[in-house]
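Participant: quick one, what's the 3D model for this:
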Amino acid sequence: MNLPENGPEGQVLFSRLAKQGRLRQLQLLLALAQCGSIVRAAAHLHMSQSAATQALAELERVLDMRLFERHARGMRPTLAGQALTDAARGVMTELEEAAQTLAAIRMGASAALRLGTIPAAAQAILAQLLTRFYGLHPLVHIDVQEGSALRLLPQLISGGLDALFCRAPGLLPDAFEFEPLLGDEAVVVASHAHPLVGRPQLQLSDLDSARWVLPSANIAVRDIFERDILSRLPQAQWFPVATMSLSVLEGLLGQPQAVSLMPRSIVDHLGPDGRGARFAVLDLQPGSFQSALPPLGVVFAREAAPQLLGEMLRLWRRPGIL
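Facilitator: Numbers count the residues shown, from 1 in each chain. Presented below is the predicted three-dimensional model:
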């Protein structure tokens with residue numbers, strides 16, 4: 001794109017980057033922001049210090065802006081440098097993902113799908129679905145990114161993903177639709193050594209002395225804990241940790257009186273036989289708290305969903321297949 005130098009400032013800077021910027025300079029920005037030293041950044045990229053210094057100076061000259069400033073312990077990004085580094089991180093991540101897809105195609109993949117998933121959907125849906133799908137399509141390359149819906153949904157909307165397996169988003173552009181695939185609920189879990197394990201028909205008040213491992217912020221089970229359980233257990237105590245890491249959770253649940261709230265969709269798929277062997281589910285009376293979670297499902301572009309995604313979803317809908 002050739003834009004005149006007398007256009008709007010943003011277009012001018014973009015034109016300069018497009019014509020004179022190089023990927024190696026973007027790599028250098030990321031390395032500098034990470035290690036704060038031109039010497040260490042150059043060594044990390046297998047460049048000489050003089051070449052790294054020159055590459056940074058050229059980029060600053062192209063933009064006519066300082067991107068890094070020196071301080072007593074090295075270098076740190078300026079406001080402009082931080083903005084460009086954040087953008088460079090996204091560009092390099094997408095290029096790395098594209099390179100993986102290209103490598104798969106070079107090695108014989110017949111097609112590619114880019115899927116995003118939240119942890120609950122990865123456990124309860126994709127782990128089963130992909131096994132069956134690959135039995136029918138062994139040459140399809142599938143790139144799966146796991147993370148929060150908050151991080152992955154913008155990638156789907158911008159075209160960086162073909163589908164996102166998650167719970168129904170609160171807001172969704174008209175061009176996208178959500179298809180529910182699996183109902184879900186929140187359950188209280190503990191280690192198998194917890195004194196309440198095995199006791200039938202517990203009341204929530206039986207957990208007055210429990211210490212909670214909080215689910216991560218901005219996920220559905222955390223909303224249930226804050227909205228419903230805290231209102232019924234106002235004296236509840238919790239660890240100064242919020243996590244959905246299964247390894248961290250398993251370690252903390254070994255502490256006295258420790259419990260946590262998890263989606264049943266995850267718990268039911270953790271054991272070797274699908275029985276949640278790593279955690280025990282406490283038997284609370286129905287209605288002890290509002291346990292219903294939004295269903296797990298998939299978001300995709302209504303008019304642009306890949307044919308292979310449709311075939312994958314038909315496997316899930318077909319009774320008795322999974």
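Participant: check which element follows the longest helix along the chain along the chain.
Facilitator: Of all the segments assigned as helix in the chain under DSSP state H, the longest by residue count is helix 79-106. Next along the chain after helix 79-106, taking DSSP states H and E as the criterion, comes strand 111-117.
Participant: who does the host helix or strand of Leu261 touch, helix- and strand-wise?
Facilitator: Assessed by DSSP H and E, Leu261 sits inside strand 258-263. When contacts are defined as 3 or more CB pairs under 8 Å, 6 or more residues apart in numbering; DSSP states H and E, strand 258-263 packs onto strand 176-190, strand 211-214, helix 220-224, helix 246-252. Just so you know, the C-beta spots here come from the backbone N, C-alpha and C atoms, and that holds for glycine as well.
Participant: roughly how far out does the longest helix of the chain sit from the chain middle?
Facilitator: Put simply, helix 79-106 sits 16 Å off its chain's centre (CA atoms, centre = their mean, to the nearest Å).
Participant: which other helices and strands does that helix contact?
Facilitator: Short answer (3+ CB pairs under 8 Å, 6+ apart): helix 79-106 packs on helix 23-35, strand 111-117, strand 140-146.
Participant: the longest one: which residues count as buried?
Facilitator: When you say that, I think you mean helix 23-35. Buried residues in helix 23-35, counted by 16 or more other CB atoms under 10 Å: 25-33, 35.
Participant: mind exporting that helix as CSV, just the C-alpha atoms?
Facilitator: Taking C-alpha atoms only, helix 23-35 is exported to CSV below (Å, rounded to 0.1, in the frame of the first residue of the first chain):
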residue,chain,number,x,y,z
LEU,A,23,10.2,-8.7,10.6
ARG,A,24,13.7,-8.9,12.1
GLN,A,25,13.1,-5.5,13.7
LEU,A,26,9.9,-6.8,15.2
GLN,A,27,11.7,-9.7,16.7
LEU,A,28,14.3,-7.3,18.1
LEU,A,29,11.5,-5.2,19.8
LEU,A,30,10.1,-8.3,21.5
ALA,A,31,13.6,-9.4,22.7
LEU,A,32,14.5,-6.0,24.0
ALA,A,33,11.2,-5.6,25.8
GLN,A,34,11.7,-9.0,27.4
CYS,A,35,15.3,-8.8,28.5
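Participant: got the angle between that helix and helix 79-106?
Facilitator: Angle of helix 23-35 versus helix 79-106, following axes from the mean of the first three to the mean of the last three CA atoms, to 10 degrees, is 120 degrees.
Participant: please apply the same query to the last one.
Facilitator: Using the same axes, to 10 degrees, the direction of strand 140-146 lies 150 degrees away from that of helix 79-106.
Participant: tell me the strands beside strand 140-146, with direction?
Facilitator: strand 111-117 (parallel) (DSSP bridges).
Participant: buried stuff in the partner strand?
Facilitator: Residues 112-117 are the ones in strand 111-117 that count as buried (16+ other CB under 10 Å).
Participant: how about stretch 40-54?
Facilitator: By neighbour count with 16+ other CB under 10 Å, stretch 40-54 contains the buried residues 40-42, 44-45, 47, 52-53.
Participant: so which of those are in helices?
Facilitator: Using DSSP H, the buried residues of stretch 40-54 in helices are 40-42, 44, 52-53.
Participant: Arg132 is in contact with Leu315, correct?
Facilitator: Yes. Under the criterion of CB atoms under 8 Å, Leu315 makes contact with Arg132 at 5.3 Å.
Participant: quick one: contacts for Thr117?
Facilitator: Listed by CB atoms under 8 Å, 6 or more residues apart in numbering, the contact partners of Thr117 are 125-126, 144-146, 152, 164-166.
Participant: would you mind measuring from it to Tyr134?
Facilitator: Going from Thr117 to Tyr134 by CB to CB, to the nearest Å gives 16 Å.
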